[in-house]
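K.L.:
here is a sequence with its predicted model. Questions after.
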Amino acid sequence: MVESNIHYPTDSSLLGDGTRVLTRTMKKIESKSGGLKRKVRVRAIALSTRLLGPPGEERRKRQYRELLSLTRKVMNQAKRVLQEVQEAPRQGRAPLEGLAHWLETMIGRVRQVVKQTRIRIFAGDTKSPEKIVSVFEPHTEIIRKGKASKPNEFGKLVKIQEAENQIVTHFEVYAERPADSTLLLSSIEVHQQRLGRIPRMVAADAGFYSCANEKAGQALGVRWMSVPNKNTTSKERKLLQHQRWFHRGQKWRTGSEGRISVLKRRHGLRRCLYPGLDGMRRWVGLGVIADNIIQMGCYLARQST
């Protein structure tokens, strides 16, 4: 998993971020155009940091109403500024087109944040369709670890595929998070395409397991499928998972977790600094290339001694 460049994805912070961006963009348009008929007033966005208050449902709802009201006023002001730019003479409008397009984009995103906030706070529905958790990176997803000790994270799921000598042979950044169990066979096929043969052993964690995956992998020619089934009650399956080759595969998998940690710490994959989904793919790719170069160098150094 790689995080995108976002911070504190709560309803109040999203509304605050959106209002700040709209206000800042309107001020830039006003400055670049030499003045607008409707003056832009900078709102006290610091209000959003005080709206959390002490616990209490009624107090929280009242504070969110105030914040939503403030956000709607800024949105309406932004719409009026956008309309004024669109009605301006063509010669005067040309220098403002980039800012106007950005303002229009942000109005749409803030409108979605207002909608999902109202649904969550006043209707109690957290499954808002088209929910966004960042007005700057709307493609960002909530990634739940499924463990009480692991907090939710925000970003995109990244699959890292590793072969011998700690070389990453394939990576993929998913636009929408797939189920792990759907990724195993495609990973084997990618290995075959890249290296010209089916791997002797495939090791993955329990999330990748399914009976169909195991049979299909063996049919492709994989000799050892070291993918645990933690829900099994079969004695035969439990004995298989205690065999030496199976444990060896799981030790290899544990090592690949270390590769992910290294990519995050040494090559900056903990947080992406490029905007957009394509930017994240480029960021991950550069990190993988850098790490592979280091691992190749280490391997050649060992061979020469």
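P.N.:
Arrived safely. None of these values were measured; they are calculated from a predicted model.
K.L.:
and the gap between residue 279 and residue 136?
P.N.:
For residue 279, the distance to residue 136 equals 12 Å [C-beta to C-beta, to the nearest Å]. To be clear about C-beta, it is placed using only N, CA and C from the backbone, and glycine gets the same treatment.
K.L.:
ok, now which ones touch residue 177?
P.N.:
141, 143, 156, 157 (C-beta atoms under 8 Å, 6 or more residues apart in numbering).
K.L.:
how about residue 172?
P.N.:
158, 159.
K.L.:
rerun at 10 Å
P.N.:
Residue 172 makes contact with 157, 158, 159, 160, 161, 178, 183, 186, 187, 190, 281, 284, according to C-beta atoms under 10 Å, 6 or more residues apart in numbering.
K.L.:
most neighbours of all those, which one?
P.N.:
residue 284 (23 neighbours; other C-beta atoms under 10 Å).
K.L.:
thought that residue was touching residue 157?
P.N.:
No - the criterion here is C-beta atoms under 10 Å, and residue 284 misses it with residue 157 at 11.1 Å.
K.L.:
the longest helix in this protein is where?
P.N.:
Counting residues, the longest helix in the chain under DSSP state H turns out to be helix 57-87.
K.L.:
flag every buried residue along that helix.
P.N.:
Under the neighbour-count criterion of 16 or more other C-beta atoms under 10 Å, helix 57-87 has 60, 63-64, 67-68, 70-71, 74-75, 77-78, 81-82, 84-85 buried.
K.L.:
ok, residue 17 - how many residues close by?
P.N.:
The local packing count at residue 17 equals 23, with neighbours defined by other C-beta under 10 Å.
K.L.:
that one reaches residue 110, doesn't it?
P.N.:
Yes - taking contacts as C-beta under 10 Å, residue 17 lies within contact range of residue 110: 8.8 Å.
K.L.:
so what sits against both of the two?
P.N.:
Contact with both residue 17 and residue 110 is made by residues residue 135, according to C-beta under 10 Å, 6+ apart.
K.L.:
quick one, phi psi at residue 275?
P.N.:
phi -80, psi 150 (degrees, to the nearest 10).
K.L.:
hmm, it is touching residue 281, no?
P.N.:
No - look at residue 275 against residue 281 with C-beta under 10 Å: they stay out of range, at 11.9 Å.
K.L.:
in space, what's closest to residue 72 - neighbours in sequence excluded?
P.N.:
residue 114 (6.8 Å; C-beta to C-beta, 6 or more residues apart in numbering).
K.L.:
and the gap between residue 20 and residue 120?
P.N.:
Residue 20 is 21 Å from residue 120, by C-beta to C-beta.
K.L.:
ugh, typo on my part, it should be residue 206
P.N.:
Distance from residue 206 to residue 120, by C-beta to C-beta: 33 Å.
K.L.:
which of the two has more residues huddled nearby?
P.N.:
residue 120 (16 against 12).
K.L.:
surely that one touches residue 131?
P.N.:
Yes - counting by C-beta under 10 Å, residue 120 does reach residue 131; the two are 8.8 Å apart.
K.L.:
where does the residue lying closest to residue 82 once chain neighbours are set aside sit, in terms of helix or strand?
P.N.:
Nearest residue to residue 82 in three dimensions, chain neighbours excluded: residue 103, at 5.5 Å (C-beta to C-beta, 6+ apart). Taking DSSP states H and E as the criterion, residue 103 maps to helix 97-123.
K.L.:
tell me which strands the next helix or strand after that helix pairs with, and in which orientation.
P.N.:
Per DSSP H and E, the first helix or strand lying C-terminal to helix 97-123 is strand 141-143. With DSSP bridges as the criterion, the sheet partners recorded for strand 141-143 are strand 153-156 (antiparallel).
K.L.:
chain center to the partner strand: distance?
P.N.:
The chain centre lies 3 Å from the centre of strand 153-156; the measure is C-alpha atoms, centre = their mean, to the nearest Å.
K.L.:
picking up where we left off before, now the longest helix of the chain: average pLDDT?
P.N.:
Mean per-residue pLDDT for helix 57-87: 82.
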